[in-house]
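Chemist: any chance you could fold what I've pasted below:
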Amino acid sequence: MRAAPLAVTALAAALLLTGCSSDSSGSGGDDSPAASPGNDTTCRIGAMDVEVGPANVAPAAGDTGNIPVTLTNQSAECTLDGFPGVDLNATDSSASLSPAEGTKSAKLTLAKGTAATFTLTYTRGEAGAKASLDVKTLNIALPGSGTAKSYKWSYGPVQGRSDNAGDPNASVSAFSPVGD
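Modeler: This next block holds a predicted model:
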């Protein structure tokens, strides 16, 4: 007589445990702690002190320039997981930058007061050329966050790949920690 209640208890326990298993699809599902608004640890651009430059400016058309961007966390511990979102904006067009070829991102956790950096590398274009994007502003967003901040661009036009200014010859690096 005791076998039936014991079997039912074991079955209920097994069902309870399978209900607690993680999402095997790798999607993270909406019920994961990181996806819930109260537990989201994604870094937000609004909680960062952002410094663009000082730059190694490309002095003439065809030269390469590098612009470091330093992000210092001013809030609770947060995570950067992916690449920075960077858009170059001209008066009547814009272009999104891709990660530098062969670059891999790594998950980086920033405590309050710690910093990370990435580098924007570009080839300077010829002023007024069809294949150049006459950039006015730079928009920066962090991975997993839809909000961006805009910064003045003072580094000259950016060369397009072939004759297409909409595909600029520019890229971003992965995030790396600053300091130790």
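
Chemist: make it CA atoms for all contacts and neighbour counts henceforth
Modeler: OK.

Chemist: tell me where the protein has helices.
Modeler: Secondary structure of the chain, counting by DSSP state H: helices at 3-19.

Chemist: which non-adjacent residue is nearest residue 87?
Modeler: Distances taken as Cα to Cα, 6 or more residues apart in numbering place residue 96 nearest to residue 87, at 4.3 Å, with adjacent residues excluded.

Chemist: and for residue 119?
Modeler: residue 68 (4.3 Å).

Chemist: what's the spacing between the residue nearest to residue 87 and residue 54?
Modeler: Distance, residue 96 to residue 54, by Cα to Cα, to the nearest Å: 22 Å.

Chemist: the more surrounded of those two?
Modeler: For residue 96 and residue 54, the more surrounded residue by other Cα atoms under 10 Å is residue 96, and the numbers stand at 16 against 10.

Chemist: residue 90 is in contact with that one, correct?
Modeler: No - look at residue 96 against residue 90 with Cα atoms under 8 Å: they stay out of range, at 11.7 Å.

Chemist: which ones are touching the residue nearest to residue 119?
Modeler: Shown in contact with residue 68 (Cα atoms under 8 Å, 6 or more residues apart in numbering): 52-55, 117-120.

Chemist: restricted to strands, list these.
Modeler: 52, 117-120 (DSSP state E).

Chemist: what's the closest non-adjacent residue to the residue nearest to the spatial centre of the chain?
Modeler: Per Cα atoms, centre = their mean, the C-alpha nearest to the average position across the chain is that of residue 84, at 2.5 Å. Of all residues not flanking residue 84 in the chain, residue 142 sits nearest, at 5.1 Å (Cα to Cα, 6+ apart).
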